[in-house]
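Chemist: Fold the stuff below for me.
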Amino acid sequence: MTQPPNSTEAAEEERQQVEEEAKHGKGTWKHAAVHVATTIATPAAYAPLPFALASLGWPLGVSSLVGATLATWYSSLLIASLWKWDGKKHVTYRDLAQSIFGFWGYWSIAFFQQVASIGNNIAIQIAAGSSLKAVYKYYHKDGDLTLQHFVMFFGIFELFLSQLPDIHSLRWVNALCTFSTIGFAATTIGVTIYNGKKIDRNSISYSLDGSSSSKIFRAFNALGAIAFSFGDAMLPEIQNTVREPAKKNVYKGVSAAYGIIVLSYWQLAFTGYWAFGSQVEPYIVSSLTVPQWTIVMANIFAVVQISGCFQIYCRPTYAYFEERLLSSETATKHASLQNKLVRLVCTSMYMLLITVVAAAMPFFGDFVSICGAVGFTPLDFVFPAMAYLKARRRRHQNTKMYLSLLLLNFAIVAWFSAVAVLGCIGAVKFIVEDVKTYKFFHDM
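Modeler: Now for the predicted structure:
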């Protein structure tokens, strides 16, 4: 007959459980806010927004931006509410999807996360390279270094940061990145207004240029760019680093992060479009001309901020390969040589791929749009609405609240599924055109 565990064994099991919980949940709501803000509010995400508005015009552009802000905030709260929805702890987006939708949920989220991760980090590499080149050219106007050199330099730096073991270990990096987000937004908004007042306002046009088909494809591309700007495909992974009560802490963290987002996104999008009209560049900093020192400062803020965002988005890829290459025994020994070597090999291969693609095809706006359409739209808009309805339907079935949520969530799924398709069409068209226009490894 099996004997029940004695008090010593029970106490040991309880102690191990507490240690496990503490290991995975040390962060406060402030840490959650920092991680979420770093993930979403990056210069690579909101610097293209004035160009997106210019492709849509004032009415449609403003309504699309405001609608996307509210929809992603709501969707983030839905994902946070599913923490331990079935009594079990799901520490990754893939695991959460599997617990609700089964096998296809796991692999579909794994696919979309990889698309979002790779596409986002290619766009970040291009943006970082462009900003570093701008700083270099300020001090060395006749310098010989090209965009590709700075993309490579940034890749080497990210390879170094990639050796940190997990997201929580990046908390101080991301705190600096959040400060840089505010610095970039404040500097760029101020300089944009300054430049806008220097320009003859009668020369600024807000009309949509080009043929009817060109306007349509630019609008599709803009919808993808707006979806990209709210990309947050890592919320369950972030929630796993937060102490209990994890739901309440992440609700507060997400809401605080969206306060930063509204202050930065909306002001930069509106002032950028106001200042330069339909002639605004895909990367707003490229439209700025004076004073030069403030533009250099904005570019430095941009590089610092997106260095942390890059790390957040590469973590699902690292985790995917490390789960398969590391034994369970090795995975628990973070200081082991084998662990470090496997991480170095995995991160080196990933960084090589991202750096080569970014250097070969530095089409920033196009990667932003296709990444937003194919990667972030399913993860940030479609899946949260569907997952919440399926996970909670038994609890709320036939209630007025459930029916209201059903209607709202289905509307979000339908609209943003259409945005994903249209954004992908627009982005692919412009990538094909750019490949025809520019040679590989073109110094943009």
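
Chemist: Flag the shaky bits of the stretch 251-400 of the chain, pLDDT-wise.
Modeler: 326-335, 364-367, 394-398 (pLDDT under 70).

Chemist: Helices along that one, start to end?
Modeler: Ranges of helices within the stretch 251-400 of the chain are 267-276, 292-325, 328-331, 337-360, 364-371, 377, 383-396, 400-437, based on DSSP state H, counting those that start in this stretch.

Chemist: starting at the chain centroid, how far to the first one?
Modeler: Here the centre of helix 267-276 is set off from its chain's centre by 22 Å, with Cα atoms, centre = their mean, to the nearest Å.

Chemist: Next, the contact list for G155, please.
Modeler: Contacts for G155 (Cβ atoms under 8 Å, 6 or more residues apart in numbering) come out as 125, 351-352, 354-355, 358. All C-beta atoms are positioned from the backbone trio N, CA, C, and that covers glycine.

Chemist: got a winner among those for most neighbours?
Modeler: Q125 (29 neighbours; other Cβ atoms under 10 Å).

Chemist: can you pull the contacts of that one?
Modeler: 151, 154-155, 310, 354-355, 358-359.

Chemist: Kindly report the same for V254.
Modeler: Taking Cβ under 8 Å, 6+ apart, we find V254 in contact with 32-33, 36, 73, 76-77, 80, 235.

Chemist: And for Q305?
Modeler: Contacts of Q305 (Cβ under 8 Å, 6+ apart): 38, 42-43, 177-178, 180-181, 184.

Chemist: separation between it and K198?
Modeler: Look at Q305 and K198: by Cβ to Cβ, to the nearest Å, they are 27 Å apart.

Chemist: and if you look at C424?
Modeler: In terms of Cβ to Cβ, C424 sits 38 Å off from K198.

Chemist: When the two are compared, which one has more neighbours?
Modeler: The neighbour comparison of C424 against K198 (other Cβ under 10 Å) goes to C424, with 20 against 10.

Chemist: Quick one, grab the pLDDT at the more buried one.
Modeler: Note on C424: pLDDT of 83.

Chemist: Identify the residue spatially nearest to it, adjacent ones excluded.
Modeler: Residue nearest to C424 in three dimensions, not counting chain neighbours: A373, with 4.2 Å by Cβ to Cβ, 6 or more residues apart in numbering.

Chemist: hang on, the one you found packs against S417?
Modeler: No. Counting by Cβ atoms under 8 Å, A373 stays clear of S417, with 10.6 Å between them.

Chemist: out of these two, which sits in the more crowded spot?
Modeler: A373 (30 against 14).

Chemist: Please report how far that one lies from P59.
Modeler: 22 Å.

Chemist: ok, now L164?
Modeler: In terms of Cβ to Cβ, L164 sits 45 Å off from P59.

Chemist: ok, those two, which is more surrounded?
Modeler: Set L164 next to P59 and count neighbours by other Cβ under 10 Å: L164 wins out with 14 against 8.

Chemist: The more buried one: which element?
Modeler: If you go by DSSP states H and E, L164 is not part of any helix or strand.

Chemist: Skip the chain neighbours and tell me the closest residue to it.
Modeler: Spatial nearest neighbour of L164, chain neighbours left out: L170 (6.0 Å); criterion: Cβ to Cβ, 6+ apart.

Chemist: Surely the one you found touches Y313?
Modeler: No. When contacts are counted by Cβ under 8 Å, L170 is not listed as touching Y313 (11.6 Å).
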